[in-house]
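Participant: this is a predicted model, with the sequence first.
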Amino acid sequence: MCSETNSTAYQALFRGGTSADRTWTQPTPYSAYACQMVLSTAFLLWGFRSVAFLGYSERIGPVVSMLRTLIIQDLIPFSVIIVIIFYSFGVFFFNLLYPVVTSTEADRSASDYSWHAFLQVFMLPLNLLFTNFDVLPTETAKDKDQVLEKWRTTLWFSRVMMFVFLLLSNIVMINLLIARFSLTVSRMDSKSLGTWRKRNMELLREYQSYSPLPAPISFLHYPIKMVSWCIKKRNDDNNEQNRLFPEIKFRRIRPQLARVVTRNKSDSEALVAHVENLVSTANRDLHDRLGQLEEEINRKFALLQEAISKKK
């Protein structure tokens, strides 16, 4: 998906630029604006795609991996919850401040009435969330350019519901998101190196599967690749050494993998492993000491029996 986005961005940049230079000698404002929006969108997609190239760096790669995890595991579930809360409070505030029963027929028959109503449903909670109180229609002054007719509700009731929404969104939800981010970052910090190596390997495998041929004849690479895979598979089945090679290689690099796993353990796991090592060392020393004491007692008991037998 990322590769398709990347190729689409480059094609849009190339085609949009060439069409603007060669074809549109005298562009209209609408065509120039459309070309500008295509180029801007392509540049935006190219910027998002460029973040993946930063994953090659050993210093920036773990940060990119943590950012991806924060967005997928924390931000998206939080966004689903906050959208439901926004929609619920938005409908409530809209019906409280702009009831349909008080609007005139001219207001409801306006062409942009539904669009303004839809915007107000989502913009009212959004302005409350970011404390943009200047544009909130809770004061007695009436805007001349306002399409929707505002209803003078009881002021204290609207302020109480505003306080409930701010308490739920700004204090509870935002702090919950910050706490989730902090927990995820602290949990992934000790494992960031291993996570970066995994993502880096996935990125390398992704580019390894691409066709080296240009776009018009790129499909020729896949039949050739399939035939070469079949030939290699047949040769590997006939060669016993090729089957044993991965096992031999794994035995050689197993100590290195064990060191990497130990280094990528979290603080709690490292503490548990350290305590287990101390306990096992203490138990081993205790067993050795008990064995020495038992041997010494047996030796002294043998000497005592020998002395008693001599006296008799």
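Facilitator: It's in.
Participant: what's in contact with whichever strand or helix holds Thr69?
Facilitator: Taking DSSP states H and E as the criterion, Thr69 maps to helix 61-69. Residues from elsewhere that reach helix 61-69, judged by C-beta atoms under 8 Å, 6 or more residues apart in numbering: 51-52, 54-55, 184-185, 188-189, 192-193, 195-196, 199-200. C-beta here means a position set from N, CA and C on the backbone, and glycine is covered the same way.
Participant: hmm, try it at 7 Å
Facilitator: For helix 61-69, the external contacting residues (C-beta atoms under 7 Å, 6 or more residues apart in numbering) are 51, 54-55, 184-185, 188, 192-193, 195-196, 199-200.
Participant: mind checking which of the residues you listed are buried?
Facilitator: Neighbour counting by 16 or more other C-beta atoms under 10 Å classes 55, 185, 188, 192-193, 195-196, 199-200 among those as buried.
Participant: reformat those as JSON lines; add pLDDT and distance to Asn132.
Facilitator: Output for those, formatted as JSON lines (pLDDT from 0 to 100; distance: C-beta to C-beta, whole Å):
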{"residue": "Gly55", "pLDDT": "74", "distance to Asn132": "37"}
{"residue": "Val185", "pLDDT": "85", "distance to Asn132": "29"}
{"residue": "Met188", "pLDDT": "79", "distance to Asn132": "34"}
{"residue": "Ser192", "pLDDT": "74", "distance to Asn132": "37"}
{"residue": "Leu193", "pLDDT": "74", "distance to Asn132": "42"}
{"residue": "Thr195", "pLDDT": "74", "distance to Asn132": "38"}
{"residue": "Trp196", "pLDDT": "78", "distance to Asn132": "39"}
{"residue": "Arg199", "pLDDT": "75", "distance to Asn132": "38"}
{"residue": "Asn200", "pLDDT": "77", "distance to Asn132": "42"}
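Participant: and of the residues you listed, the nearest to Ile81?
Facilitator: Ile81 has its nearest neighbour among the buried ones among the contacts of helix 61-69 in Val185, at 20.5 Å by C-beta to C-beta.
Participant: ok, that closest one - contacts?
Facilitator: Met66.
Participant: what's the helix or strand for it?
Facilitator: Using DSSP H and E, the element containing Val185 is helix 174-189.
Participant: okay, buried residues for that helix please.
Facilitator: 177, 180, 185, 188.
Participant: how far does stretch 223-231 sit from its chain's centre?
Facilitator: Centre-to-centre, stretch 223-231 and its host chain are 36 Å apart (C-alpha atoms, centre = their mean, to the nearest Å).
Participant: before we move on, back to that, so for the helix holding Thr69, mean pLDDT?
Facilitator: The average of the pLDDT scores along helix 61-69 is 83.
Participant: just the CA atoms of it, as CSV, please.
Facilitator: Extracted in CSV, the C-alpha atoms of helix 61-69 (Å, rounded to 0.1, in the frame of the first residue of the first chain):
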residue,chain,number,x,y,z
GLY,A,61,14.2,4.0,13.4
PRO,A,62,13.1,3.1,17.0
VAL,A,63,11.3,6.4,17.3
VAL,A,64,9.4,5.8,14.0
SER,A,65,8.5,2.3,15.2
MET,A,66,7.1,3.7,18.5
LEU,A,67,5.2,6.4,16.6
ARG,A,68,3.6,3.8,14.4
THR,A,69,2.6,1.7,17.5
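Participant: mind listing what's buried in the helix or strand following that helix?
Facilitator: Next in sequence after helix 61-69, counting helices and strands by DSSP H and E, comes helix 76-97. Within helix 76-97, the residues that count as buried by 16+ other C-beta under 10 Å are 78, 82, 86, 89-90, 93-94, 96-97.
Participant: please tabulate those residues in TSV, including the columns pLDDT.
Facilitator: As requested, those are exported to TSV (pLDDT from 0 to 100):
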residue	pLDDT
Phe78	91
Ile82	89
Phe86	87
Phe89	88
Gly90	86
Phe93	82
Phe94	82
Leu96	80
Leu97	76
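Participant: of these, which is the nearest to Val227?
Facilitator: Of those, the one sitting nearest to Val227 (C-beta to C-beta) turns out to be Phe78, at 48.9 Å.
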